[in-house]
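J.: 3D model of this:
(one chain, ligands or ions: 2)
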Amino acid sequence: MNFKKALIVCLIPAFVISGCGKTTKEEVNNTTNQETLAQVSGQGTGQDTEKTESSGTEASSDDESQDAEVSRDLFAMDTYMTLTAYGEHAQEAVDKAAERVEALDALLSTGDENSEIHQLNQKGEATLSEDGGYLVERALELYDKTEGAFDIAIYPVMQAWGFPTQEYHVPDDATLKEKLILADASKVNYDKDTRKISFDRDGMEIDLGGIAKGYTSSQIMQIYQDCGVTSGLVNLGGNVQALGCKTDGSKWKVAIQSPDDTEDYLGILEIENQAVITSGGYERYFEEDGVTYHHIIDPTTGYPADSGLISVTIVSDDGTLADGLSTSLFIMGEEKAAQFWKENSEKFETIMETADGKLYVTEGIADSLTTDMEVTVINK
Ligand code: ADP
Ligand code: MG
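T.: Numbers count the residues shown, from 1 in each chain. Ligands and ions are numbered 1, 2, ... in the order given. This next block holds a predicted model:
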């Protein structure tokens with residue numbers, strides 16, 4: 001059977017449900033029967049990031065039903081997001097989650113003059129909030145574990161490429177060299193007891209964009225649980241995290257977007273209680289003189305990572321880790337990434353596609369992935 005066609009048949013109802021207004025129980029059950037897919041899609045090319053919120057809370061028509069779905073779309077963190085929860089506490093959970101997303105966006109956005117990260121970047125020192133502090137701590141831990149591939153101090157280099165302002169251009173070598181000296185997370189001083197942070201060098205700036213959405217989806221799962229929700233799903237611009245299973249007890253099915261074709265999928269992954277986070281060069285990029293430059297920067301060169309990988313998906317119950325590692329493994333390349341997984345296989349699983357069309361899947365999720373592509377399983 002043609003895999004792409006089969007997927008499209010399954011996917012259409014999911015689009016209808018997530019995009020429509022009032023969701024009746026009947027519609028929800030219909031979708032469930034036809035296999036609800038959380039589409040893992042990119043967040044656009046970055047060309048259209050005007051900040052407009054398109055939110056709408058959709059109460060279910062049948063509040064007594066354990067299956068009643070509440071779904072809400074919003075735009076935050078430069079990303080279209082959909083928050084979905086089921087059951088009698090779903091409305092409260094989704095509303096609280098949306099508030100939390102907006103609060104985190106306001107705290108972490110590098111572009112917002114009032115955010116604590118912006119202020120830190122201006123002053124070179126700050127006392128961080130609990131959220132900011134937690135993220136910096138996790139990011140610095142990842143810097144060590146990934147031997148510098150994940151480096152939140154990359155922001156001056158991101159600016160040199162024009163990514164934050166969308167005034168894209170290829171920087172000259174002298175500028176890049178100068179900015180690369182600043183891109184060094186080992187020069188970030190952070191005290192987790194006082195949450196005080198400072199930089200060793202003038203001009204250093206940080207950017208939590210590589211882990212913020214994974215942390216946000218984890219936080220939403222926590223809010224759902226605190227509200228008494230046992231089944232829910234969030235899709236933050238292709239970063240998916242699920243709570244529990246679907247209301248019919250079956251696993252969630254997540255379609256992993258193909259990096260070559262936004263209409264196509266690498267495969268479908270079945271998950272429960274996990275985050276599925278994908279990094280790819282196709283998510284945010286620009287073209288100059290016929291060359292494509294994307295937004296995941298290799299800190300050793302200052303250039304967009306060119307490791308031979310075109311897509312990396314991380315599956316983990318820790319959303320923050322999954323997000324940080326999707327960025328990191330994309331930079332490492334297949335061989336180094338496979339080795340990294342072998343050393344940390346209890347914490348995550350991965351699906352990686354190379355530029356020459358090979359799909360690598362780690363053994364822990366090989367059986368949960370349905371794909372038409374030829375798969376190479378990475379064993380411990
Ligand atoms: P997305 O946010 O598009 O889902 P990623 O999770 O891969 O994709 O994060 C990419 C973002 O991470 C960039 O937009 C930038 O803010 C930041 N970033 C880029 N390169 C690095 C790096 N080497 N280390 C840490 N963060 C990075
Ligand atoms: Mg990431």
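J.: what is the most centrally placed residue in the chain paired to in the beta sheet?
T.: Computing the C-alpha centroid of the chain and ranking residues by C-alpha atoms, centre = their mean puts residue 239 first, at 3.8 Å. Taking DSSP bridges as the rule, residue 239 bridges to residue 236.
J.: Enumerate every residue touching the closest residue to residue 180 other than its chain neighbours.
T.: Distance criterion C-beta to C-beta, 6 or more residues apart in numbering; nearest residue to residue 180, sequence neighbours excluded, is residue 302 at 4.6 Å. In short, each C-beta sits where N, CA and C put it, glycine included. Contacts for residue 302 (C-beta atoms under 8 Å, 6 or more residues apart in numbering) come out as 157, 160, 171, 176, 177, 179, 180, 183.
J.: element containing residue 122, please.
T.: helix 116-123 (DSSP states H and E).
J.: Run me through the strand neighbours of whichever helix or strand comes after that helix, direction for each.
T.: Using DSSP H and E, the helix or strand that follows helix 116-123 towards the C-terminus is strand 125-127. Its sheet considered, strand 125-127 pairs with strand 196-199 (antiparallel) by DSSP bridges.
J.: is stretch 140-149 anywhere near ligand 2?
T.: No. Stretch 140-149 lies apart from ligand 2 when judged by C-beta under 5 Å from the ion; the minimum separation is 9.9 Å.
J.: Check the secondary structure at the residue nearest to residue 180 for me.
T.: In three-state terms, and counting by DSSP: H, G, I helix; E, B strand; the rest coil, residue 302 is coil.
J.: just the buried members of the contacts of residue 302?
T.: Buried by 16 or more other C-beta atoms under 10 Å: 157, 160, 171, 176, 179, 180, 183, out of the contacts of residue 302.
J.: which ones are touching the nearest residue to the fifth one once chain neighbours are set aside?
T.: So that's residue 179. Excluding the flanking residues, the one nearest residue 179 by C-beta to C-beta, 6+ apart is residue 156, at 4.3 Å. Residues in contact with residue 156 (C-beta under 8 Å, 6+ apart) are 179, 182, 183, 203, 204, 205.
J.: Spell out the residue ranges of the helices in this protein.
T.: Along the chain, counting by DSSP state H, helices occupy 3-19, 25-33, 90-108, 116-123, 130-145, 155-160, 173-182, 212-226, 319-332, 334-343, 363-366.
J.: Mind giving me the packing neighbours of the third one?
T.: Helix 90-108 makes packing contacts with strand 56-58, strand 69-76, strand 79-86, helix 116-123, helix 130-145, helix 212-226, strand 232-236 when contacts are defined by 3 or more C-beta pairs under 8 Å, 6 or more residues apart in numbering; DSSP states H and E.
J.: same question, the last one
T.: If you count contacts as 3+ C-beta pairs under 8 Å, 6+ apart, helix 363-366 packs onto strand 349-354, strand 375-378.
J.: Please spell out which residues along that helix are buried.
T.: 364, 365.
J.: What average pLDDT does that helix get?
T.: For helix 363-366, the per-residue pLDDT values average out at 98.
J.: With the third one instead?
T.: Helix 90-108 shows an average pLDDT of 98 in the prediction.
J.: Name the residues that touch that helix?
T.: Helix 90-108 has contacts (C-beta under 8 Å, 6+ apart) with 55, 57, 59-60, 68-72, 74, 76-77, 81, 83-85, 112, 114-117, 129, 131-132, 135, 208, 212, 215-216, 219-220, 223-224, 227-229, 232, 234.
J.: Next: the fourth one.
T.: For helix 116-123, the external contacting residues (C-beta under 8 Å, 6+ apart) are 107-113, 126, 128-129, 132, 155, 197, 205-208.
J.: near ligand 1, which of these show up?
T.: Contacts with ligand 1 are made by residue 207 out of the contacts of helix 116-123, judged by C-beta under 6 Å from any ligand atom.
J.: The spatially closest residue to residue 344 that is not a sequence neighbour: how many residues sit nearby?
T.: Sequence neighbours aside, residue 145 is the residue nearest to residue 344 in space, at 7.6 Å (criterion: C-beta to C-beta, 6+ apart). Neighbour count of residue 145, defined by other C-beta atoms under 10 Å: 18.
J.: cool, and residue 173?
T.: 8.
J.: With residue 180 as the reference, measure out to it.
T.: 10 Å (C-beta to C-beta, to the nearest Å).
J.: swap in residue 80?
T.: 33 Å.
J.: residues in this protein within reach of ligand 2, list them.
T.: Going by C-beta under 5 Å from the ion, the residues of the chain near ligand 2 are 210, 323, 326, 327.
J.: circling back: just the pLDDT at the residue nearest to residue 344, thanks.
T.: We have a pLDDT of 98 for residue 145.
J.: ok, back up a step: phi first, then psi, for the residue nearest to residue 180.
T.: phi 80, psi 0 (degrees, to the nearest 10).
J.: Output the helices and strands packed on helix 363-366 as a markdown table; include the columns distance to residue 266, mean pLDDT and mean neighbour count.
T.: Putting the helices and strands packed on helix 363-366 into a markdown table (distance: least, C-beta to C-beta, whole Å; pLDDT from 0 to 100; neighbours: other C-beta atoms under 10 Å) gives the following:
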| stretch | distance to residue 266 | mean pLDDT | mean neighbour count |
| --- | --- | --- | --- |
| strand 349-354 | 6 | 98 | 24 |
| strand 375-378 | 10 | 98 | 16 |
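J.: before we move on, back to that, tell me the two of the buried ones among the contacts of residue 302 that are most distant?
T.: Using C-beta to C-beta, those reach their maximum pairwise distance at 171 and 183, which is 12.5 Å.
J.: thinking again about what came up before, of the helices and strands packed on helix 90-108, which stretch is the most buried?
T.: Counting by mean count of other C-beta atoms under 10 Å, strand 232-236 has the highest mean neighbour count of the helices and strands packed on helix 90-108, with a mean of 28.
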